[in-house]
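Participant: this one's sequence-less:
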DNA sequence: CTTTAAACCTGCTGGC
DNA sequence: TGCCAGCAGGTTTAAA
């Protein structure tokens, strides 16, 4: 159940566990990846990075593993026995540790050339967790001809606009910005535009830093990051106390305060 | 060009 | 208890 912040935190755990180490065991579930078990055995894990919700693992022989967790993929760290409730898809062992990817269906091995022309990676916009991305750049992107006419509710799910946003982030960003999902960047006031641009970066970064969506304690008890509307239909809005309403926007669950998100 | 709908994917929940 | 439909924090494709 991953959006950009969850994937980035998974990558952080993988880096600490296996980067710089030599592979002593390699296992893939998909038949088309089986040959890479021999290819990668004895190689080093060079680096692991995220691009939006995609995770890239570089090996010392220039092979790159692309993995996307979609809704259900999950990374586990440690030499534990396999979780029998989920399907093991990838397992990488080092002398002292191991990482396992469960349930993910989108796993491919790439050459550096294939990486450069990857259909998904080539198309996605700037990563909201990229520290060099500024609020001003986001504001300009919102106002660009390509995006300024799109409804915000669908735009914020489009990885071509900004990579790493997902359903809980779009819901929380639009509530924090007090905007209805039918609004368009071209029609926003300067004040609304400034707030939205800021929240598009601030909320994902706060979630990344505070384990937002993975930690129920944080989420519901006043820690740095918690949901204000996501999964909170029927509860009073914190700004105006009108009830939060659940609906569908772009065929995905949406939560908002119809009173203060106009 | 923009939006919507359906399909694909896997695991979990709730209702009968 | 068991099974199935529907749902979910995602993406792609086709169609409207």
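Facilitator: Happy to help now that I have it. On a predicted model such as this, the values are computed, not experimentally measured, just so you know.
Participant: Could you point out which residue ranges in chain A have low pLDDT?
Facilitator: Across chain A, residues meeting the criterion (pLDDT under 70) sit at A:1, A:212-224.
Participant: could you redo the last one with a cut-off of 80?
Facilitator: Screening chain A residue by residue with the criterion pLDDT under 80, one finds the ranges A:1, A:211-225.
Participant: mind checking which helix or strand residue A:62 is in?
Facilitator: Of the helices and strands defined by DSSP states H and E, none includes residue A:62.
Participant: Write out the residues of the stretch 101-250 of chain A neighbouring DNA strand C.
Facilitator: For the stretch 101-250 of chain A, the residues found near DNA strand C under the criterion CB under 7 Å from any atom of the strand are A:119-120, A:123, A:157, A:159, A:166-168, A:213-214, A:230-231. C-beta coordinates here come from the backbone N, C-alpha and C atoms, glycine included.
Participant: what about residue A:171, distance to residue A:239?
Facilitator: Note on residue A:171: its distance to residue A:239, by CB to CB, to the nearest Å, is 15 Å.
Participant: more neighbours, these two?
Facilitator: For residue A:171 versus residue A:239, neighbours defined as other CB atoms under 10 Å are more numerous around residue A:171 (27 against 14).
Participant: I figured the more buried one hits residue A:229, correct?
Facilitator: Yes. The pair formed by residue A:171 and residue A:229 meets the contact definition of CB atoms under 8 Å, at 5.7 Å.
Participant: what's the overlap in contacts for these two?
Facilitator: Here residue A:171 and residue A:229 share the contacting residues A:255-256, scored by CB atoms under 8 Å, 6 or more residues apart in numbering.
Participant: coming back round to it: could you single out the nearest of the residues of the stretch 101-250 of chain A next to DNA strand C to residue A:102?
Facilitator: Nearest to residue A:102 among these, counting by CB to CB, is residue A:214 at 15.7 Å.
Participant: tell me the secondary structure for residue A:109?
Facilitator: Assigned state for residue A:109: strand (three-state reduction, DSSP: H, G, I helix; E, B strand; the rest coil).
Participant: swap in residue A:153?
Facilitator: The local conformation at residue A:153, judged by three-state DSSP, is helix.
Participant: Who are the contact partners of it?
Facilitator: With contact set as CB under 8 Å, 6+ apart, residue A:153 has these partners: A:170, A:174, A:181-182, A:249-250, A:254.
Participant: Tell me how far it lies from residue A:183.
Facilitator: Residue A:153 sits 8 Å away from residue A:183 when distances are taken as CB to CB.
Participant: what about the nearest residue to residue A:120 once chain neighbours are set aside, distance to DNA strand B?
Facilitator: In this structure, residue A:120 finds its nearest non-sequential neighbour in residue A:54, 6.5 Å apart by CB to CB, 6 or more residues apart in numbering. Look at residue A:54 and DNA strand B: by CB to the nearest atom of the strand, to the nearest Å, they are 16 Å apart.
Participant: Over to residue A:7?
Facilitator: Residue A:7 sits 17 Å away from DNA strand B, taking CB to the nearest atom of the strand as the criterion.
Participant: isn't there a helix covering that residue?
Facilitator: Yes. Applying three-state DSSP, one finds residue A:7 inside a helix.
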